[in-house]
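1. Sequence plus the predicted model coming up.
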Amino acid sequence: CIRDSPSTDPAEIQRRTTEAALLQLGHGATAIRTHVRIGDVTGLRALEAVLAARRALRGLTELTTAAVPRLLTGTAGADSAAMLRDAVKMGATAVGGCPDLDPDPAGYTETILEIAAEHGCAVDLHTDADDPARLARLAAMTAGLRPAVTLG
C-alpha cells in the first residue's frame, strides 16, 4: 500500500490541525500538544498554519505547539537553529525533536536546551532510549529545565 504524503499547503495543514483537535475535544481532551516540523522545504509555513488553527480553537481547547527541526548541528543545522528561534518568537510554545536523527545528538540537545532557556519555553525530545546511559545523560542535561521537559 502506497500512501500519499501529507500536503504541505498551509490551508490544508490548518484544516487537518483543526479537525484533529476537534476530534480529540470530542473525546474530552482539552489540552493537546502538536509537533510541527520546521525547516527543510516548508520553512515556517506549517507552523504559521498550526498557529492559525490554535487561534481559531481558542476557548475550546489549548493547543500547544512544539517546533521540531530535523538537524541542528553542523552547516545544515545553523539555518535550522535560527529558524527555531524565529519559531519561538512566532508563538511556538515548545522546542524539541529527535536528537538521535542528528549526526551529533548531544549537540542537538544542547542547542534545543539553549534556545529553550533563552525564550523560557518547554522542551519535548524523543529518543529511542535503547541505551540507559544515553537516557541518563539526556535526563541530566535537561535537569535544569524541569518540569518543562518531556522525554519520550
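-> Sure thing, it's come through.
2. residues in contact with whatever helix or strand Val95 lives in?
-> Taking DSSP states H and E as the definition, one finds Val95 inside strand 94-97. Under the contact criterion C-beta atoms under 8 Å, 6 or more residues apart in numbering, strand 94-97 has outside partners 33, 35, 64-70, 72, 84, 87-88, 108, 112, 115-116, 119, 121-126, 150. C-beta here means a position set from N, CA and C on the backbone, and glycine is covered the same way.
3. Distance-wise, check the spatially closest residue to Gly91 that is not a sequence neighbour relative to Leu72.
-> Once flanking residues are discounted, Gly91 sits nearest to Leu51: 5.0 Å by C-beta to C-beta, 6 or more residues apart in numbering. Separation of Leu51 from Leu72 (C-beta to C-beta, to the nearest Å): 21 Å.
4. These two - which one has more neighbours?
-> The neighbour comparison of Leu51 against Leu72 (other C-beta atoms under 10 Å) goes to Leu72, with 29 against 21.
5. The more buried one reaches Ala81, doesn't it?
-> Yes: counting by C-beta atoms under 8 Å, Leu72 does reach Ala81; the two are 5.5 Å apart.
6. quick one, strands of this protein?
-> Assigned by DSSP state E, the chain shows strands spanning 31-38, 62-69, 94-97, 122-125, 149-151.
7. and those as JSON lines, adding distance to Ala56, mean pLDDT and mean neighbour count?
-> Below are the strands of the chain laid out as JSON lines (distance: least, C-beta to C-beta, whole Å; pLDDT from 0 to 100; neighbours: other C-beta atoms under 10 Å):
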{"stretch": "strand 31-38", "distance to Ala56": "14", "mean pLDDT": "94", "mean neighbour count": "16"}
{"stretch": "strand 62-69", "distance to Ala56": "9", "mean pLDDT": "96", "mean neighbour count": "23"}
{"stretch": "strand 94-97", "distance to Ala56": "20", "mean pLDDT": "94", "mean neighbour count": "27"}
{"stretch": "strand 122-125", "distance to Ala56": "22", "mean pLDDT": "92", "mean neighbour count": "22"}
{"stretch": "strand 149-151", "distance to Ala56": "25", "mean pLDDT": "81", "mean neighbour count": "17"}
